[in-house]
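For reference, the sequence and a predicted model appear below.
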Amino acid sequence: MNLKARITRTGAILLGKYVACDGFDEQQPIRVVTHVHADHMLGLRESLKKCEMVLMSEATRDLIDVLKSPLFLMAGNVKTLPYKEPFEYKNEKITFYPADHILGSTQVLVEDQEGERILYTSDFRLPNTPIIRSDILVIEATYGSPRCIRNFEQKAESVLVDLVDRGLCEGPVYLFGYHGKIQEVMEILWKNNIRVPFIVPEKVFHVCKVYEKHNKKLGRYWLARSEYAKELRSKKEPFVAFYHMAARRRFIKEKAYKIFVSGWQFQEPIRQVNEKGFVIAISDHSDFEGLIEYVRKSKPKLVLTDNYRIGHAKILAKEIEKRLGIRAIAVPPTKPKKK
Ligand SMILES: [Zn+2]
């Protein structure tokens with residue numbers, strides 16, 4: 001096992017001598033948070049308490065402030081790093097590169113004293129993520145199987161816009177997704193001239209504010225509990241309401257169009273699940289071909305596929321060896337049982 005990069009059984013990605021990304025590790029003085037999704041914020045409380053410093057992008061810090069609380073990060077020594085500006089720690093150099101995934105997402109490059117480039121992509125999708133040259137590459141494996149190919153990615157946006165348009169003819173439309181995905185859909189609808197009011201609950205509202213602070217255009221939105229939103233609902237006026245996927249059960253009796261945004265769909269961009277329920281395939285991860293393309297262009301000597309998080313790490317490692325002739329291992333070797 002190459003000790004310059006590892007993935008621990010608690011989900012920390014260790015790069016070089018000092019850095020642990022997305023999980024806590026006793027031995028590493030520096031913790032990096034690559035983005036705010038829950039499976040990348042593992043053990044953050046402990047890292048804040050015990051690590052010498054915790055690094056993240058400015059947007060990630062802003063998002064943690066609203067998703068946790070403004071006090072949460074004050075428990076530790078948090079430093080924000082701009083993209084592409086190397087940060088030196090002892091005899092190693094840490095550089096963030098952007099990743100197209102959720103606002104604030106970063107790839108992490110560690111250059112050690114022997115000049116080896118150790119890179120962790122974290123979650124990303126192509127084509128808007130820069131591909132970074134590496135010697136040792138740790139890559140996500142969410143859609144790491146050849147079964148996970150979406151040939152309709154360009155089409156999904158227009159399918160979504162048409163569906164929302166259709167739903168609005170009958171009244172309000174409810175849309176469900178995860179943080180980041182919701183804001184991406186708002187951007188798509190706004191860009192495509194859907195000009196009805198957007199209604200959002202409190203947490204989504206604050207996440208939207210952070211997106212706007214970082215120059216994203218999301219349209220005009222109101223809090224779900226505002227008088228204006230109540231009025232729209234009582235008059236049955238058209239609007240689009242955006243809720244976190246976890247809240248979907250609360251709307252089971254709602255007779256409006258309901259759209260669920262999910263990446264786990266590969267046959268077609270849209271699937272009807274009941275009379276007014278639809279799943280739209282918009283993903284913030286690369287599909288299988290994107291993962292392979294990243295490895296090919298990054299030109300590493302060794303690849304570790306993330307077998308801690310959800311995905312197909314073992315299949316991906318096998319396919320990388322077969323298709324590219326580059327040594328690849330799924331790490332950790334068995335998926336740990338999670339609590
Ligand atoms: Zn993610």
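Right, received. Where do you want to start? As the structure is a prediction and not an experimental result, all values here were calculated from the model.

What residues does the stretch 101-250 of the chain have near the ion?
residue 123 (CB under 5 Å from the ion). Quick note: C-beta positions are derived from backbone N, CA and C, even for glycine.

change it to 6 Å
With CB under 6 Å from the ion as the criterion, the stretch 101-250 of the chain meets the ion at residues 101, 123.

Let me see the backbone angles for the one residue in the stretch 101-250 of the chain that gets nearest to the ion.
Residue of the stretch 101-250 of the chain nearest the ion, by CB to the ion: residue 123 (3.6 Å). The phi/psi pair for residue 123 (degrees, to the nearest 10) reads phi -80, psi 140.

In contact with it, which residues?
34, 35, 37, 40, 99, 101, 102, 105, 140, 142, 284, 285 (CB atoms under 8 Å, 6 or more residues apart in numbering).

let's see 6 Å
101, 140, 285 (CB atoms under 6 Å, 6 or more residues apart in numbering).

Tell me, how many residues neighbour the second one?
This points to residue 140. By other CB atoms under 10 Å, the residues close to residue 140 number 28.

Check it and give its pLDDT.
At residue 140, the model reports a pLDDT of 98.

Strands of the stretch 1-150 of the chain, start to end?
Counting by DSSP state E, counting those that start in this stretch, the stretch 1-150 of the chain has strands at residues 5-7, 13-15, 19-21, 30-32, 53-56, 78-80, 87-89, 92-98, 106-111, 117-120, 136-139.

Figure out which of those is closest to residue 276.
strand 92-98 (37.5 Å; CB to CB).

What is the distance between that closest one and the centre of its chain?
19 Å (CA atoms, centre = their mean, to the nearest Å).

In the sheet, which strands lie alongside it, parallel or antiparallel?
strand 87-89 (antiparallel), strand 106-111 (antiparallel) (DSSP bridges).

Export that strand to CSV, keeping only CA atoms.
Presented in CSV, the C-alpha positions along strand 92-98 are these (Å, rounded to 0.1, in the frame of the first residue of the first chain):
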residue,chain,number,x,y,z
GLU,A,92,4.6,20.2,1.6
LYS,A,93,2.5,22.4,-0.6
ILE,A,94,-1.3,22.3,-0.6
THR,A,95,-3.3,23.8,-3.5
PHE,A,96,-7.1,24.0,-4.1
TYR,A,97,-8.6,23.7,-7.5
PRO,A,98,-12.3,24.2,-8.3
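
For that strand, give me every contacting residue.
16, 81, 83, 86-87, 106-107, 109-112, 130, 132.

Need the buried ones from the residues you listed selected in PyMOL.
This is the PyMOL syntax for the buried subset of the contacts of strand 92-98, where burial follows 16 or more other CB atoms under 10 Å:
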select buried, resi 16+81+106+107+109+110+111+112+132
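
Same list (the contacts of strand 92-98) but as a markdown table, adding pLDDT.
Listed next are those as a markdown table, based on pLDDT from 0 to 100:
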| residue | pLDDT |
| --- | --- |
| 16 | 98 |
| 81 | 98 |
| 83 | 98 |
| 86 | 98 |
| 87 | 98 |
| 106 | 98 |
| 107 | 98 |
| 109 | 98 |
| 110 | 98 |
| 111 | 98 |
| 112 | 97 |
| 130 | 98 |
| 132 | 98 |
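
which one of the contacts of strand 92-98 is nearest residue 184?
Residue 184 lies nearest to residue 106 out of the contacts of strand 92-98, by CB to CB, at 17.5 Å.

what about the residue lying closest to the closest one once chain neighbours are set aside, how many neighbours?
Distances taken as CB to CB, 6 or more residues apart in numbering place residue 96 nearest to residue 106, at 4.2 Å, with adjacent residues excluded. By other CB under 10 Å, the residues close to residue 96 number 24.
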